[in-house]
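**Q** please work out how this folds:
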Amino acid sequence: MQCQRQGHCAMRDDIETIEACIEEADVIIWASPTHWGYVSAITLRVFERLFGFLIEEMPRGLPRKRSANGKKAILITTCSTPFPFNWLYNQSRSTINRMREVCKYSGQEVLCSLVLPGTLGRKEIPARLLARAKKVGEGL
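**A** Below is the predicted model of the structure:
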């Protein structure tokens, strides 16, 4: 629980750059491919390393928001499972929900989530999804 006492990850390496970027950012984009219905191992590791930086665990176990409180967030995932099965079988939905949970407990307001299912053999991003991403970006 050293990260909790210090308010940042006890292992000081490139995580310092990520922490600094979060502090400076108005909007945080959390993106991860869906791996077996969850965020990737790398994304999960980043969330774990940011635990003490983003959230202070209070004596009764309740979280208190720290360094990202009040920030805006956009969530992005891709999934090889085609629509609607990516949602029905809890693939993309689980990934987005995990990122939402991190945002909720750390005080980030989720502006939107963008999901690209059925990536196997896909050569282009659908125009509808690109238009939605552009609209979100223009609204920032």
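
**Q** could you use CA atoms for every contact and neighbour count after this?
**A** OK.

**Q** show me the contacts for the residue nearest the centre of the chain.
**A** Nearest residue to the geometric centre of the chain (C-alpha atoms, centre = their mean): W30, 3.4 Å. Residues near W30 by C-alpha atoms under 8 Å, 6 or more residues apart in numbering: 73-76, 99.

**Q** quick one: which helix or strand includes it?
**A** strand 27-33 (DSSP states H and E).

**Q** quick one: buried residues of that strand?
**A** 27-28, 30-33 (16 or more other C-alpha atoms under 10 Å).

**Q** return the member of those nearest to K135.
**A** Nearest to K135 out of the buried residues of strand 27-33 is V27 (C-alpha to C-alpha; 14.9 Å).

**Q** which residues touch that closest one?
**A** 71-74.

**Q** once you drop chain neighbours, what's closest to it?
**A** K72 (4.6 Å; C-alpha to C-alpha, 6 or more residues apart in numbering).

**Q** grab the longest helix from this structure for me.
**A** Longest helix in the chain, counting residues (DSSP state H): helix 92-106.

**Q** which residues of this structure fall in strands?
**A** Counting by DSSP state E, the chain has strands at residues 27-33, 55-57, 63-65, 72-78, 109-116.

**Q** who does the third one pair up with?
**A** Just to be clear, that refers to strand 63-65. Here strand 63-65 is paired, per DSSP bridges, with strand 55-57 (antiparallel).

**Q** hmm, R64 is touching G52, no?
**A** No: with contact defined as C-alpha atoms under 8 Å, R64 does not count as touching G52 (10.3 Å).

**Q** more crowded one of these two?
**A** Neighbours were counted for R64 and for G52 using other C-alpha atoms under 10 Å; G52 has more, 23 against 14.

**Q** just checking, that one touches I15?
**A** No: the criterion here is C-alpha under 8 Å, and G52 misses it with I15 at 11.8 Å.
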